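1. Everything below, folded, please.
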Amino acid sequence: MKIKRTLVINASPEHVWEILGANYTRAGDWASSVYFSSARAGTPAIDGAPVAGRVCQTSLGPFTETIESYDEHRRHLAYSATGDKMPGFVKRLVNSWTVYPMADKSRVEMELSADISFPFNFLMGPMMKMQFGKVLREATEELKHFAETGKAHPRKVKSDASRKAVAARAAFA
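-> Now for the predicted structure:
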């Protein structure tokens with residue numbers, strides 16, 4: 001299953017890449033589904049990557065991400081994710097972001113790729129695609145808002161005030 005989103009952000013590609021690349025570990029600053037994020041332990045396996053990956057406390061539970069590809073020149077990042085609550089039939093989950101220059105704006109492409117075992121790919125695939133699609137639509141809207149204003153999207157502000165978010169941050173304080 002693949003889901004691709006493309007958006008234009010009224011900010012320079014350098015600024016957008018700073019959020020996605022150099023500040024990769026800070027997704028919890030702008031993504032409403034991420035209550036808390038920090039660097040994952042370990043040495044980066046990819047040359048130029050700022051960290052090996054990140055750990056995220058999310059609305060779907062904890063996730064550990066590993067950077068699979070990082071190219072600062074191309075402004076491209078890809079990472080795999082695993083989580084305690086990820087169903088066993090999801091064999092691999094990879095998300096990638098690429099930032100392209102457009103004069104004084106940026107075009108951002110994000111692609112989620114999930115390998116789902118047979119027969120679950122037929123049974124659960126459409127429902128999962130709808131759920132992932134919603135999360136990705138919100139994440140790209142929130143990135144756009146954050147990059148353009150420097151402030152968290154109202155959905156992120158509301159999410160951060162939830163009991164689950166407060167508890168997740170307290171556990172890592």
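2. Tell me which residue of the chain is furthest from the middle?
-> residue 119 (27.2 Å; CA atoms, centre = their mean).
3. remind me, longest helix of this protein?
-> If you go by DSSP state H, the chain has its longest helix at helix 125-149.
4. Check which helices and strands that one is in contact with.
-> strand 2-9, helix 13-17, strand 105-116, helix 154-160 (3 or more CB pairs under 8 Å, 6 or more residues apart in numbering; DSSP states H and E). Every residue, glycine included, has its C-beta placed from N, CA and C.
5. For the longest one, which strands pair with it and how are they oriented?
-> Within its sheet, and counting by DSSP bridges, strand 105-116 is paired with strand 2-9 (antiparallel), strand 90-102 (antiparallel).
6. that older thread, any idea how far the longest helix of the chain is from the middle of the chain?
-> The chain centroid and the centroid of helix 125-149 are separated by 9 Å under CA atoms, centre = their mean, to the nearest Å.
7. hmm, who's touching it?
-> Helix 125-149 has contacts (CB atoms under 8 Å, 6 or more residues apart in numbering) with 1, 3, 5, 7, 9-11, 15-16, 19-20, 29-33, 90, 106, 108, 110, 112, 114, 116, 151-153, 155-156.
8. Only whichever of these are buried, select them in ChimeraX.
-> Per 16 or more other CB atoms under 10 Å, the buried members of the contacts of helix 125-149 correspond to this ChimeraX selection:
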select :1,3,5,9,11,16,19,20,30,31,32,33,90,106,108,110,112,114,116,152,153,156
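9. now the worst-scoring helix or strand of the chain on mean pLDDT: how far from the chain's centre is it?
-> Least confident helix or strand of the chain, by mean pLDDT, DSSP states H and E, is helix 120-123 with a mean of 81. On the basis of CA atoms, centre = their mean, helix 120-123 sits 24 Å off its chain's mean C-alpha point.
10. in it, what's buried?
-> Buried residues in helix 120-123, defined by neighbour count with 16+ other CB under 10 Å: residue 121.
11. residues in contact with it?
-> Against helix 120-123 from outside (CB under 8 Å, 6+ apart): 1, 87, 89.
12. So the second one, which state does it fall into?
-> At residue 87, secondary structure determined by DSSP: H, G, I helix; E, B strand; the rest coil is coil.
13. who's in contact with it?
-> 120, 124.
14. From residue 120, how far out is it?
-> Distance of residue 87 to residue 120, given as CB to CB, to the nearest Å: 8 Å.
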